[in-house]
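Q: need a structure here:
(2 chains)
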Amino acid sequence: MNGNELTSELTRAFPDAPADLGRLRARLAAAAQRDGILDVAYRTVDSPVGPLLLAATEAGLVRVAYASEDHDAVLQALADRISPRVLNAPARLDAAARELGEYFTGRRRGFDLPLDWRLSAGFRRAVLGHLAEIGYGHTASYAAVARLAGNPKAVRAAATACATNPLPVIVPCHRVIYADGRIGRYLGGPDAKRTLLTLEAAG
Amino acid sequence: MTGKQPFEAVVTKHGLTVLRVCRAVLGPADADDAWSETFLAAMRAYPDLPADANVEAWLVTIAHRKAIDVTRAAARRAIPVAQPRDDAVAPAADSAGDGLDSDLAGAVARLPAKQKQAVAYHYLAGLPYTDVAAIVGGSADAARRAAADGIATLRRSHFGATGTRTREEGL
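A: Numbering: from 1, shown residues only, chains lettered A, B, ... in the order given. Predicted coordinates:
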């Protein structure tokens, strides 16, 4: 019996235990939260616009990402920009998941969640901060948003701010469209933007 | 710039191997605690781990220390009876069997600590003997001998006992 055979024989003696490992991972997430070392917690939720990745720091929700953004790439970016102490730890995202569920079923018009704005700065941050002023079911032009943010000439910058919104759906960049009615760019693609606007128009 | 992987990816990649190592070294009852302590300590230290570090060797090193802690804590809890020597061979477990695999697990459990560790870290975690030696102390040759002794015992008690599993070519 050679080394490889011994390894596979021994490996079989201590078999795969997916249920045990799942339980241990949940226990690790809870312990990391308790010890204050869970820098980024995340989970995914299903939605009418596809699976959404939700990530939160201790301060609040920090990132919502569409599948088209590549969730693995988004998690790597969070590890690079915030901390590599990133775990799939759903508990911290319970409120966000619940409010999104209510929103997608037409039972919620605004979000009441602590937000961590650290992935956005400067004028972009200012633009995003004003988007909640566009009410549920309404739309505004990029020019109007630039005005809201205090720099009426910065229409292109306002559009860029919307296109790089780290908290789509929650921070409603989908309500910003071209003045001529064209739907414009969107992180989750134009279909997702249309789905959200249709949902809100029905409410 | 892409830096360190999210810790979740480390758990996904190495979680099962570390659990196997903990089970081999400690047995099933204490393995869960050792695994949990290992990954919690690893997550705490992860931001400071050098980018080019061997993550598996690092995790097994932590698991080794946590296993020692768990063993000591269990010893403190235990009613003091005659202390078995480190190299004592524990009585054979009842063979009323969970079959072959748990039988081998039991045979591993009955190995002396050093041999058990060398077998687990080399054969289950796949670490070279230089890494095993760095973890358990002593030289790479000593680690190799400990693993060989352990395997020889496993062959006698397990592979040998089942007859057909003994191969002419040896190890």
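Q: and chain B, what are its domains?
A: B:1-83, B:95-171 (automatic domain parsing).
Q: least confident of these, on average?
A: Mean pLDDT values for the domains of chain B show the minimum at domain B:95-171, a mean of 81.
Q: next, the buried residues of stretch A:152-168.
A: A:Ala154, A:Val155, A:Ala157, A:Ala158, A:Ala159, A:Thr160, A:Ala161, A:Cys162, A:Asn165, A:Pro166, A:Leu167, A:Pro168 (16 or more other C-beta atoms under 10 Å in any protein chain shown). No exception for glycine: its C-beta is placed from N, CA and C like everyone else's.
Q: so which of those residues is the closest to chain B?
A: A:Pro166 (16.6 Å; C-beta to the nearest C-beta).
Q: SS state for the nearest residue to the closest one once chain neighbours are set aside?
A: In this structure, A:Pro166 finds its nearest non-sequential neighbour in A:Leu119, 4.1 Å apart by C-beta to C-beta, 6 or more residues apart in numbering or on different chains. Judged by DSSP: H, G, I helix; E, B strand; the rest coil, the three-state class of A:Leu119 is coil.
Q: and the contacts of the longest helix anywhere in chain A?
A: For chain A, the helix with the greatest residue count under DSSP state H is helix A:18-34. The contact list for helix A:18-34 (C-beta atoms under 8 Å, 6 or more residues apart in numbering or on different chains) reads A:38, A:41, A:85, A:87-89, A:91-92, B:11, B:15-16, B:19, B:32, B:35-36, B:39-40, B:43.
Q: so is stretch B:61-70 next to chain A?
A: No. Stretch B:61-70 stays clear of chain A (C-beta under 8 Å from any C-beta of the partner chain), getting no nearer than 12.8 Å.
Q: distance from that stretch to the middle of the chain?
A: Relative to the mean C-alpha coordinate of its chain, stretch B:61-70 is positioned 10 Å out (C-alpha atoms, centre = their mean, to the nearest Å).
Q: I'd like the domains of chain B written out as CSV, with mean neighbour count added.
A: Below are those laid out as CSV (neighbours: other C-beta atoms under 10 Å in any protein chain shown):
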stretch, mean neighbour count
domain B:1-83, 18
domain B:95-171, 17
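Q: quick one: those as CSV, columns for distance to A:Ala149 too.
A: Formatted as CSV, these follow (distance: least, C-beta to C-beta, whole Å):
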stretch, distance to A:Ala149
domain B:1-83, 29
domain B:95-171, 55
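Q: so which of those domains comes closest to A:Glu9?
A: domain B:95-171 (6.7 Å; C-beta to C-beta).
Q: what about that closest one, distance to the chain center?
A: For domain B:95-171 - counting by C-alpha atoms, centre = their mean - the centre lies 10 Å from the chain centre.
Q: same check, this time on stretch A:188-203
A: On C-alpha atoms, centre = their mean, the centre of stretch A:188-203 falls 17 Å from that of its chain.
Q: what residues sit buried inside it?
A: For stretch A:188-203, by 16+ other C-beta under 10 Å, it's A:Gly188, A:Ala192, A:Lys193, A:Thr195, A:Leu196, A:Leu197, A:Leu199, A:Glu200.
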